[in-house]
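K.L.:
pasting the sequence and the predicted model now:
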Amino acid sequence: MSSVSKNHFIMRVLVTLAFVGLAFAGSIEKRFGVPIEVEDECNPTLGNATFAADPHNCQVFYICDHGWPKVTFCPADSIWSQTSRQDGRCDDPYLAVNDICGHIRPAAPPESLLGFTDPAYQRCDYQCPNTPECIAWVAKCDGVQHCGDGADEVNCAAPCDPQTCRLPNCRCTGTDVPGSLLPREIPQIVVMTWESAVRLEDYNHLLQQILKRVGKNRRRETRTNPNGCPITATFFLEHQFTDYAAVQDLYADGHEMALLSISKTNPAEYWKYASAETWKNEFVDQRSILNMLGKVKPQDVIGMRAPFLQVGGNDQFKMLKDNGFLYDNSMPTPQMDPPIWPYTLDYRSTQECVITPCPTASYPGLWEVPMVDWLDTNDTLCAEVDNCFFPLSKAESLELLRSNFARHYQTNRAPFSLHLRARWFYEAHYNIEALEQFIDEILALNDVYITSVDKALQWVRNPTRLSAIGNSQLFGCDFSDREPLCAQPITCSYYNITYAPNSVQHQGDRYIETCAQSCPPRYPWVGNPQGLL
C-alpha cells in the first residue's frame with residue numbers, strides 16, 4: 001500500500017472513530033426528523049419491517065415504503081398497537097399493546113361493568129358526573145343503568161322502530177336497501193369527497209385530472225354519469241390556504257361545498273371536548289366565509305366533517321341541528337360487509353362508536369353518512385384512502401380501489417366512498433393514474449353514479465329505480481342559479497399571521513384569491529369571519 005493510500009485509510013478510520021465517539025458522548029436520536037430506531041426497522045437489510053412504532057409517541061407510527069419511514073398518526077386517543085414488524089393497527093388505549101413507546105393500559109373498568117363480557121364494555125370513556133364510575137361509551141344509553149345515579153341513561157334517543165321511522169325524513173341504522181328495492185334495481189352511488197383546503201395547484205392539476213378525461217383531441221373533457229351529467233364531488237374545506245376563486249368555479253360547476261372548520265386546530269382532543277359554542281364559531285362562521293369569499297349560498301352548505309374525524313358528541317350534533325345542517329360525515333365504521341347505508345339520528349344509532357364521544361340524544365331529520373371502512377392490501381382497516389397501506393405500484397392502487405368497490409357493488413350497493421386528500425397523489429404519481437383508470441372503468445358499467453354527498457342523500461330519501469333516473473331530477477346538472485367565476489379575481493394579502501402552522505415566533509403570510517368586490521380588512525378567522533377591523 002502506498003503512503004498516500006495509507007494516509008487516506010488512516011484518515012477514514014479517524015473520522016469513523018470520531019463519529020462513534022460522538023454517538024457515545026451524546027446519542028443522536030433523530031435524522032431528518034425520524035428516530036434512528038425507526039430508520040433501522042424500515043431498513044431492508046436490518047429490520048425489514050412493514051410498520052415501525054415511534055419510541056417516544058404512542059400515537060405515532062411509520063409505514064415503511066421502499067425502506068423509508070412515512071410518518072402516520074392514529075386518530076383521536078387511539079394507540080398504535082404493534083404485534084410484529086409486519087402487523088399492527090390503531091387500537092383502543094385499553095386494548096393496545098406497544099412496549100416500544102412504553103404504553104401502559106389504563107386502570108380496569110368499575111365493578112358496574114364487570115358482568116359485561118364484551119371487550120367494548122371494558123373501557124373508560126365516560127366519567128359519570130356525580131358518582132365515581134367511569135364507563136365505556138357503548139354502555140351509555142344502552143338501556144342499562146351503569147352510573148350510580150343513572151346519569152348514563154339521561155337524554156337518550158329511543159331504539160328505532162322502522163314502522164314509525166320512515167323516509168324521506170327518517171331512517172333506522174341498517175344495511176337494508178332503502179325503499180325495499182333489490183340491489184340490482186338501484187344505481188351504485190359512489191360518493192367522492194375531497195378533504196382539506198382547495199389550493200390552486202390542486203385545482204389546476206389533480207382535480208382537473210380526476211374530474212375530466214383526455215378526449216380525442218387531447219383536450220380535457222368532463223367525465224359524465226350515465227344520465228349525461230358531469231360527475232360531482234363534495235369538498236370538505238378548511239379555511240387556511242383555500243383558493244376561494246377555485247371554490248367558486250367548482251361550486252358553479254355543480255360540486256358541493258361542505259365544512260371542515262375554520263382553524264382545524266390541533267390536537268384532536270380540542271374537538272373532543274369542544275363546547276357547542278366552539279362548534280358553532282368554527283362551522284357556522286365558516287359558512288359565512290364561504291358565502292363572502294366563494295359566492296357559495298349558505299342554504300347550499302348543509303354538511304360537515306369533524307377535523308381528524310374527532311366527533312364532539314351531543315354538543316356537535318346539537319349545533320348541526322340548531323343551525324340548519326342536514327348531515328354529518330365524520331364517523332368511521334368497520335361494518336363493511338355488507339356496508340351500512342346513511343341513516344338519521346331521530347333514534348338510537350346502532351353503528352359502533354369507533355371514536356368517542358358519539359351522539360346519544362335524538363336529532364330528528366339529521367343524517368349521519370357513515371364512513372365505511374376500506375380493507376387495504378395489508379388487511380388493515382382504513383377510513384380514508386391515504387390512511388390505507390400505501391400502494392407500491394399502480395397495480396396495487398388499482399387492486400385497493402377495485403376490491404373495496406366490489407364489496408359494495410356485489411352486495412347491497414350502499415354508497416361507496418372515495419375519500420381523497422392531496423398527499424396520496426403527491427407521494428406517488430401512479431396513484432392518480434390508477435384513480436383515473438378506475439373511474440373510467442366503473443363509469444363504463446352504466447349503473448354507477450359518481451356524485452356528492454348531498455345528491456346521494458337525495459336518492460336515499462327518495463329511492464328511485466335505475467331505470468327511472470333519466471326521467472327524474474336526481475343527479476341532475478342544472479346549476480344556472482350559481483354565480484360563475486369572475487373574469488379577474490382579486491388577491492388579498494395578509495402578513496405576519498400567527499395562526500398555526502405559524503406562531504408568534506415564526507409568523508407567515510396568507511393570500512386569498514376571490515371574486516369578492518373588496519378584501520376583508522383583516523384575515524377572516526374564528527370570532528371574526530368577516531375580517532373586520
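P.N.:
Good, I have the coordinates. Numbers count the residues shown, from 1 in each chain.
K.L.:
just say helix, strand or coil for E41.
P.N.:
Under DSSP: H, G, I helix; E, B strand; the rest coil, E41 falls in the helix class.
K.L.:
distance check, it against I79.
P.N.:
To I79, E41 is 18 Å away according to Cβ to Cβ, to the nearest Å. For glycine as for every other residue, the C-beta is placed from the backbone atoms N, C-alpha and C.
K.L.:
ok, those two, which is more surrounded?
P.N.:
I79 (24 against 21; other Cβ atoms under 10 Å).
K.L.:
and the closest residue to the more buried one other than its chain neighbours, how many residues sit next to it?
P.N.:
Excluding its sequence neighbours, the residue lying closest to I79 (Cβ to Cβ, 6 or more residues apart in numbering) is A96, at 3.7 Å. By other Cβ under 10 Å, 21 other residues sit near A96.
K.L.:
what residues are up against A96?
P.N.:
C58, S78, I79, W80, S81, H103, R105 (Cβ atoms under 8 Å, 6 or more residues apart in numbering).
K.L.:
kindly report the same for Q530.
P.N.:
S288, M292, P520, P524.
K.L.:
of those residues, which is the nearest to C358?
P.N.:
S288 (27.9 Å; Cβ to Cβ).
K.L.:
what strand or helix carries that closest one?
P.N.:
helix 276-294 (DSSP states H and E).
K.L.:
any idea how far that helix is from the chain center?
P.N.:
19 Å (Cα atoms, centre = their mean, to the nearest Å).
K.L.:
and what of stretch 208-215?
P.N.:
24 Å.
K.L.:
before we move on, the earlier item: which of the contacts of A96 has the weakest pLDDT?
P.N.:
Least confident of those in the model: R105, at 78.
K.L.:
skipping its backbone neighbours, what lies nearest that residue in space?
P.N.:
Y94 (5.8 Å).
K.L.:
do the same with L381
P.N.:
Nearest to L381 is D373, by Cβ to Cβ, 6+ apart, at 4.3 Å.
K.L.:
one step back: now, of the contacts of Q530, which are buried?
P.N.:
Buried members of those, counted by 16 or more other Cβ atoms under 10 Å: M292, P520, P524.
K.L.:
dump those to CSV, plus pLDDT and distance to D142.
P.N.:
Converted to CSV, the buried ones among the contacts of Q530 look like this (pLDDT from 0 to 100; distance: Cβ to Cβ, whole Å):
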residue, pLDDT, distance to D142
M292, 98, 44
P520, 98, 48
P524, 98, 43
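K.L.:
among the contacts of Q530, which one lies nearest to R421?
P.N.:
The closest of the contacts of Q530, once distances to R421 are taken by Cβ to Cβ, is P524, at 23.3 Å.
K.L.:
make sure the closest one is actually in contact with Q286.
P.N.:
No. Judged on Cβ atoms under 8 Å, P524 makes no contact with Q286 at a distance of 9.2 Å.
K.L.:
mutual contacts of these two, please.
P.N.:
Common neighbours of P524 and Q286 (Cβ under 8 Å, 6+ apart) are H239, I262.
K.L.:
give me the distance between the residue nearest to R105 and T45.
P.N.:
37 Å.
K.L.:
which of those two has more neighbours?
P.N.:
Remark: of Y94 and T45, Y94 carries more neighbours, 18 against 7, as counted by other Cβ under 10 Å.
K.L.:
hmm, the more buried one is touching P106, no?
P.N.:
Yes. Contact criterion Cβ under 8 Å: Y94 and P106 qualify, at 5.8 Å.
K.L.:
need the residues touching each of those two.
P.N.:
C124.
K.L.:
identify the residues contacting I63.
P.N.:
T50, F51, P69, K70, T72, F389, F390.
K.L.:
same question, S288
P.N.:
S288 touches P298, P529, Q530, counting by Cβ under 8 Å, 6+ apart.
K.L.:
can you list the contacts of Q530 in a markdown table and add distance to P342?
P.N.:
Output for the contacts of Q530, formatted as a markdown table (distance: Cβ to Cβ, whole Å):
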| residue | distance to P342 |
| --- | --- |
| S288 | 27 |
| M292 | 30 |
| P520 | 36 |
| P524 | 32 |
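K.L.:
of all those residues, which two lie farthest apart?
P.N.:
So, those by Cβ to Cβ: farthest apart are S288 and P520, at 11.1 Å.
K.L.:
how about the strands in the stretch 51-200 of the chain?
P.N.:
51-53, 60-65, 68-73, 79-84, 87-91, 126-127, 134-135, 188-195 (DSSP state E, counting those that start in this stretch).
K.L.:
so what are the sheet partners of the fifth one and their directions?
P.N.:
Here strand 87-91 has these sheet partners by DSSP bridges: strand 79-84 (antiparallel).
K.L.:
please enumerate the helices of the stretch 201-350 of the chain.
P.N.:
Secondary structure of the stretch 201-350 of the chain (DSSP state H, counting those that start in this stretch): helices located at 208-211, 244-252, 269-272, 276-294, 313-322.
K.L.:
with just CA atoms, put the last one into PDB.
P.N.:
As requested, C-alpha coordinates have been extracted for helix 313-322 and formatted as PDB (Å, rounded to 0.1, in the frame of the first residue of the first chain):
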ATOM      1  CA  GLY A 313     -70.800  14.100  20.900                       C
ATOM      2  CA  ASN A 314     -74.100  15.800  21.600                       C
ATOM      3  CA  ASP A 315     -72.600  19.300  21.600                       C
ATOM      4  CA  GLN A 316     -71.500  18.900  17.900                       C
ATOM      5  CA  PHE A 317     -74.800  17.400  16.800                       C
ATOM      6  CA  LYS A 318     -76.900  20.000  18.700                       C
ATOM      7  CA  MET A 319     -75.000  22.700  16.800                       C
ATOM      8  CA  LEU A 320     -75.800  21.000  13.500                       C
ATOM      9  CA  LYS A 321     -79.500  20.600  14.300                       C
ATOM     10  CA  ASP A 322     -79.900  24.200  15.600                       C
END
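K.L.:
pLDDT of that helix, averaged?
P.N.:
Rounded mean pLDDT across helix 313-322 is 97.
K.L.:
got the contact list for the nearest residue to V354 once chain neighbours are set aside?
P.N.:
Residue nearest to V354 in three dimensions, not counting chain neighbours: P332, with 5.1 Å by Cβ to Cβ, 6+ apart. By Cβ under 8 Å, 6+ apart, the contact set of P332 is L309, V354, I355, P370, M371, V372, D373, A383.
K.L.:
name the residues linked to the fifth one by a beta bridge.
P.N.:
Note on M371: beta-bridge partners by DSSP bridges are P332.
K.L.:
hang on, it packs against T333?
P.N.:
Yes. The criterion here is Cβ under 8 Å, and M371 meets it with T333 at 6.8 Å.
K.L.:
how near is the nearest residue to G88 once chain neighbours are set aside to D481?
P.N.:
What sits nearest to G88 in space, not counting adjacent residues and going by Cβ to Cβ, 6+ apart, is Q82, at 3.8 Å. Distance from Q82 to D481, counting by Cβ to Cβ: 53 Å.
K.L.:
looking at those two, which one has more neighbours?
P.N.:
Q82 (23 against 8).
K.L.:
who's in contact with N98?
P.N.:
By Cβ under 8 Å, 6+ apart, the neighbours of N98 are A53, C58, I79, W80, S81, Q82.
K.L.:
how many neighbours does the nearest residue to R461 once chain neighbours are set aside have?
P.N.:
Closest residue to R461 apart from its sequence neighbours, by Cβ to Cβ, 6+ apart: P168 at 3.9 Å. Look at P168: counted by other Cβ under 10 Å, it has 14 neighbours.
K.L.:
kindly report the same for L46.
P.N.:
11.
K.L.:
surely it and D40 touch.
P.N.:
Yes. With contact defined as Cβ under 8 Å, L46 counts as touching D40 (4.8 Å).
K.L.:
all strands for the stretch 251-400 of the chain, in order.
P.N.:
256-261, 303-304, 327-328, 332-333, 343-345, 363-368, 371-372, 374-375, 381-382.
K.L.:
and the last one, what other elements does it pack with?
P.N.:
Helices and strands touching strand 381-382, by 3 or more Cβ pairs under 8 Å, 6 or more residues apart in numbering; DSSP states H and E, are strand 374-375.
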